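Enquirer: Only the shape, not the letters, is given here:
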């Protein structure tokens, strides 16, 4: 039987519906229910999802609610961080600035590789 609170399951992780997340946070903050109680009431087997997982999930969801409001649950948040900002900043650079930045990155990566080679050699001694 499929749980109506699960959006999808990939064999390892559950993706929960936005409605469930909102309801769970409300029950946690306003009704004083514990995370395990909330998940049991929603039809989850705590042995299947993990004993401590509900507590971690509720902690994350409360953080999302406080930081982004209800929209934090209804819009996709993954991939919206530092990498995307860096890409936009890089796109604004002139060609010469891009070349200089990439040349510096190559120098940095070569030095990093040299360091790792020396470190591995030292460990192998």
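Expert: Structure's in. What do you need? All figures in this text were calculated on a predicted structure; none of them were measured in a lab. Numbering: from 1, shown residues only.
Enquirer: C-alpha from now on. contacts and neighbour counts both.
Expert: Fine.
Enquirer: mind checking how far residue 54 is from residue 95?
Expert: Counting by Cα to Cα, to the nearest Å, the separation of residue 54 from residue 95 is 49 Å.
Enquirer: which helix of the protein spans the most residues?
Expert: Secondary structure of the chain per DSSP state H: the longest helix is helix 95-124.
Enquirer: quick revisit: residue 54 and residue 95: which is more packed in?
Expert: Taking other Cα atoms under 10 Å, residue 54 and residue 95 do not tie; residue 54 has more neighbours (20 against 11).
Enquirer: before we move on, back to that, quick one: average confidence on the longest helix of the chain?
Expert: The average pLDDT for helix 95-124 rounds to 91.
Enquirer: From the chain's centroid, how far away is it?
Expert: 28 Å (Cα atoms, centre = their mean, to the nearest Å).
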